[in-house]
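K.L.:
Okay, predicted coordinates and the sequence, questions at the end:
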Amino acid sequence: MKRRSFLQSTALFFAGLAIAACTNSQTTSDRTPDTIKFAVTDVQGLEELQRDYEPFRDALTEALGKDIEFFPVADRTAAAVALQSDQVDVVLTGPAEYVVIRAKTNAVPVVALTRLNYRSAIAVQPDSGIREVSELKGKKVAMSDLGSTSGQLGPTKILVDGGIDPEADVEILLLGDTDLQAFKNGETDAWGGSALDYERFLEAEGLKEEDFPLIEVGSALPNDVFVASSSLAPEVVDEIKQAMVENQEILVNAIISVDANQKYTGSEIIEVQDSDYDSIREAYQAIGIDDFTEFVGD
């Protein structure tokens, strides 16, 4: 999921705190709303929500037997504030964002939305002689964005598992969307990021894997996740979970009927637990972040 404007987030955050201060002391898990308000952390504005998630909203309305109302948010911070203040009931978010939202709001994971080949990988220059992650000590590694699940946290976890201290043993350059191009240009010794981005880059550049060999592919990353407000009654959360799992084929087809959501082609809606995201927490800690209540980069 993408990161959004700091200033916009901050304004919404403090505005929401005032609301949250009035409601948190009263928060109990007993709300049973007739209409479910739904947000997506990386889709800004009502028009974008309607464009990207209208077919899903219609399908979920039919599956659940309740009205689903869009609740547009500016970003992940605004979504967290909305959950804290009971302005939104269900939010679709990414793994890295989930860990923070959970810590800030005690939101409940409802179901996960899987993604095919959602993994991180490490590639090196073809003439580097590097064959193992442990041989990256003293090298420069290109990654994409601060706090990105597949673009920073995933490859960082690979480094740690390979015996590398990401803060002491390597120089990590966060280069955003130019990470792979910089690596190709020889500006770094290695690259770490999304396995899918690597495949697409090779295809777009007419390259083969031996041109920039992979030395490690990580385990499957935790999935995107639908979370519910902690103030919803447990039976409402269970109702949503059951409806989404039982109607997953219809719901996933509705999601991928929109061009913007093709990353979910082949996805499944599955049950999820908070512990599924412990690997993300470990990756945060590997980059020196032990307090999960603030979004990285904000």
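P.N.:
Received it, and whenever you're ready, just let me know what you need.
K.L.:
Can you give me the end-to-end span of stretch 78-90?
P.N.:
Using CA to CA, to the nearest Å, the end-to-end distance of stretch 78-90 comes out at 13 Å.
K.L.:
V296 contacts A96, correct?
P.N.:
Yes: using CB atoms under 8 Å, V296 is in contact with A96, at 7.4 Å. Where C-beta positions appear, they are placed from N, C-alpha and C, glycine not excepted.
K.L.:
which residues do the two both contact?
P.N.:
Counting by CB atoms under 8 Å, 6 or more residues apart in numbering, the contacts common to V296 and A96 are G147, Y284.
K.L.:
Checking my notes, Q152 in a strand, right?
P.N.:
No: if the criterion is DSSP: H, G, I helix; E, B strand; the rest coil, then Q152 is helix and not within a strand.
K.L.:
neighbours around the closest residue to G45 other than its chain neighbours, how many?
P.N.:
Sequence neighbours aside, P72 is the residue nearest to G45 in space, at 5.2 Å (criterion: CB to CB, 6 or more residues apart in numbering). When neighbours are counted by other CB atoms under 10 Å, P72 registers 18.
K.L.:
Quick one: end-to-end length of stretch 164-179, please.
P.N.:
Stretch 164-179 stretches 20 Å from its first residue to its last (CA to CA).
K.L.:
now that stretch: mean pLDDT?
P.N.:
Throughout stretch 164-179, pLDDT has a mean value of 96.
K.L.:
Who are the contact partners of the spatially most central residue of the chain?
P.N.:
Nearest to the mean C-alpha position of the chain, counting by CA atoms, centre = their mean, stands G94 at 2.0 Å. G94 sits next to M1, T41, D42, T149, D224, V225 when contact means CB under 8 Å, 6+ apart.
K.L.:
What about those residues, which are in helices?
P.N.:
Using DSSP state H, no member of those falls in helices.
K.L.:
In those, find the pair that's most separated.
P.N.:
Longest distance between any two of those is 13.0 Å, between D42 and V225; criterion CB to CB.
K.L.:
which of these two has more neighbours?
P.N.:
Remark: of D42 and V225, V225 carries more neighbours, 24 against 19, as counted by other CB under 10 Å.
K.L.:
Isn't the more buried one up against L113?
P.N.:
Yes: taking CB under 8 Å as the definition, V225 is a contact partner of L113 at 7.1 Å.
K.L.:
list residues touching both of these two?
P.N.:
L92.
K.L.:
on that earlier part again, pretty sure the residue nearest to G45 is touching T41, no?
P.N.:
No: look at P72 against T41 with CB under 8 Å: they stay out of range, at 11.0 Å.
K.L.:
For I269, which non-adjacent residue is spatially closest?
P.N.:
Q248 (3.8 Å).
K.L.:
what ranges of the stretch 101-250 of the chain fall below the confidence cut-off?
P.N.:
For the stretch 101-250 of the chain, no stretch is flagged by pLDDT under 70.
K.L.:
Before I go, just wanted to say thanks for your time.
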